[in-house]
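# pasting a predicted model and its sequence here:
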Amino acid sequence: MAMTENDFIPSSYAELKVSGNTTWKSPSNIALVKYWGKKENQIPANPSVSLTLDVCATTTSISYTKLNEKATDFSFELFFEGTAKEDFKPKIHTFFRRIEKYLPFLKNYHLVIETSNSFPHSSGIASSASGMGALALCLMDIEKRLNPEITKDCFNRKASFLARLGSGSAARSINGSIVQWGKHADIPESSDLYGIEYPYKIHSVFEDYQDTILLVDKGQKQVSSTVGHDLMHNHPFANQRFAQAHTNLTELKSIFEKGNLEEFVKIVENEALTLHAMMMTSQPYFILMKPNTLEIINKIWAFRKTSNTHVCFTLDAGANVHVLYPKKEKEAVYGFIKTELLKHCENGQHICDRLGVGAKKC
């Protein structure tokens, strides 16, 4: 049964631990059906489904020490890859303010947060999902020590719920390997509040899917995700887009079950291009793809036609390209990537990733 917000509010803790530490590693994810547009409190305007990645991940450690008395504000230090990051602290403070209702122990402790990414910072890979996922998991680990009766299912759902309040897509960075987030009529357990492991049959061809991430543009995003989502509020095509996402999720059920790669390719690429179409037709409007993004897309289409492979692309809200393909086609596809696509990346930079299994405690 789906959980409500009230289910995540604890009654009380038997005893507050004096001190301790915890470390979690949370993966990034790449959406197949895109979430674009949100309501109040990080509620998605449409449901989404994503592949959990394996290589691209954030590892976060929290050391906590009980204060002599409860503080009036949150007490924490933040280090990113060994360096104090004061400029990151306002975002974490906002996150703590949003989640205090659900983790009322926060002001009882001084926290030292240390975090690092497995991929280079500013590499063009969004780190908010993995970063907020890892932070939420560490906080949930602390709560479980205060209340050992929390079940594994409740732990994961609440971690996803909390992560969502920091970054919407972080709701999909807890479980693996395919995660669905957002209420959908054909998935009774689905919720706008947290992500769930995709509940239906998945063909073996998807179990070891590959994602080679091509770093076309490593610069700062032209438009933040928050601004991009907000542009959907008065978008002339918003309702059609939200309906399209629901339809595509419905169609994916049989595609995942039967391993229909031809139809998988159509939906994944259609979703990627629709996301960018929404940005190009918003007010103000943005073109997030670069010339090299289009070169890569055209070469993928041509190669797929001549090679009879099932390579396809998807995009986030930026210029970088995720090249997706089944592992059985890796030799042919990765050879094509090396000879034809890397020339369109900044200094040939790319990340070889694959389907992962979700977050894990370190």
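Okay, I see it. Given the structure is predicted, the values throughout are model-derived calculations rather than measurements. Residues are numbered from 1 along each chain as shown.
# ranges for the helices of the stretch 51-200 of the chain?
89-99, 128-146, 152-166 (DSSP state H, counting those that start in this stretch).
# export these to JSON lines and tack on mean neighbour count, distance to L355 and mean pLDDT?
All C-beta atoms are positioned from the backbone trio N, CA, C, and that covers glycine. Compiled in JSON lines, the helices of the stretch 51-200 of the chain are given as follows (neighbours: other Cβ atoms under 10 Å; distance: least, Cβ to Cβ, whole Å; pLDDT from 0 to 100):
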{"stretch": "helix 89-99", "mean neighbour count": "16", "distance to L355": "28", "mean pLDDT": "97"}
{"stretch": "helix 128-146", "mean neighbour count": "25", "distance to L355": "15", "mean pLDDT": "97"}
{"stretch": "helix 152-166", "mean neighbour count": "22", "distance to L355": "18", "mean pLDDT": "97"}
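# need the contact list for the nearest residue to V205 once chain neighbours are set aside.
Distances taken as Cβ to Cβ, 6 or more residues apart in numbering put G259 closest to V205, at 4.3 Å, once the chain neighbours are dropped. By Cβ atoms under 8 Å, 6 or more residues apart in numbering, G259 lies in contact with 203-206.
# which of the residues you listed fall in strands?
Judged by DSSP state E, strands contain none of the contacts of G259.
# which of these are buried?
205-206 (16 or more other Cβ atoms under 10 Å).
# list just the nearest of the contacts of G259 to D73.
Proximity of those to D73 (Cβ to Cβ) peaks at F206, which lies at 46.2 Å.
# quick one: pLDDT of that closest one?
The score at F206 is 97. That number is its pLDDT.
# that one is in contact with F256, isn't it?
Yes: between F206 and F256 a contact is recorded at 6.5 Å, counting by Cβ atoms under 8 Å.
# can you check which residues contact both of the two?
In contact with both F206 and F256: I178, using Cβ under 8 Å, 6+ apart.
# going by distance to T274, which of the contacts of G259 wins?
Comparing those against T274 with Cβ to Cβ picks out F206 as the nearest, at 21.7 Å.
# show me what contacts that closest one?
178, 256, 259, 326, 355.
# drop anything exposed from those.
For those, buried by 16+ other Cβ under 10 Å: 178, 256, 326, 355.
# need the helix or strand of the protein with the lowest average pLDDT.
helix 225-230 (a mean of 90; mean pLDDT, DSSP states H and E).
# and the gap between Y102 and R164?
Remark: distance between Y102 and R164 (Cβ to Cβ, to the nearest Å) = 11 Å.
# ignore the last one, H322
22 Å.
# please apply the same query to F95.
The value you get for F95 to R164, if Cβ to Cβ is used, is 11 Å.
# pLDDT weak spots in the stretch 101-250 of the chain?
121-126, 220 (pLDDT under 70).
# quick check: which element contains V49?
strand 48-66 (DSSP states H and E).
# that strand - contacts with which helices or strands?
strand 19-33, strand 109-117, helix 128-146, strand 178-181, strand 210-214, helix 238-258, strand 350-354 (3 or more Cβ pairs under 8 Å, 6 or more residues apart in numbering; DSSP states H and E).
# recalculate using a threshold of 6 Å.
Packing partners of strand 48-66 (3 or more Cβ pairs under 6 Å, 6 or more residues apart in numbering; DSSP states H and E): strand 19-33, strand 109-117, helix 128-146, strand 178-181, strand 350-354.
# can you put those in TSV and add distance to S190?
Shown next, in TSV, are the helices and strands packed on strand 48-66 (distance: least, Cβ to Cβ, whole Å):
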stretch	distance to S190
strand 19-33	12
strand 109-117	29
helix 128-146	18
strand 178-181	6
strand 350-354	25
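# residues in contact with the residue in the chain sticking out farthest from the centre?
Distance from the C-alpha centroid of the chain peaks at N68, with 37.1 Å (Cα atoms, centre = their mean). Residues in contact with N68 (Cβ atoms under 6 Å, 6 or more residues apart in numbering): none are found.
# what's it sitting at in phi/psi?
Here is the backbone geometry of N68 (degrees, to the nearest 10): phi -60, psi -30.
# how close does it sit to V18?
11 Å.
# which SS class is M3?
coil (DSSP: H, G, I helix; E, B strand; the rest coil).
# distance check, it against G195.
For M3, the distance to G195 - Cβ to Cβ - is 12 Å.
# who has more neighbours, the two?
G195 (31 against 16; other Cβ atoms under 10 Å).
# thinking again about what came up before, and the residue farthest from the centre of the chain, what pLDDT?
For N68, pLDDT reads 96.
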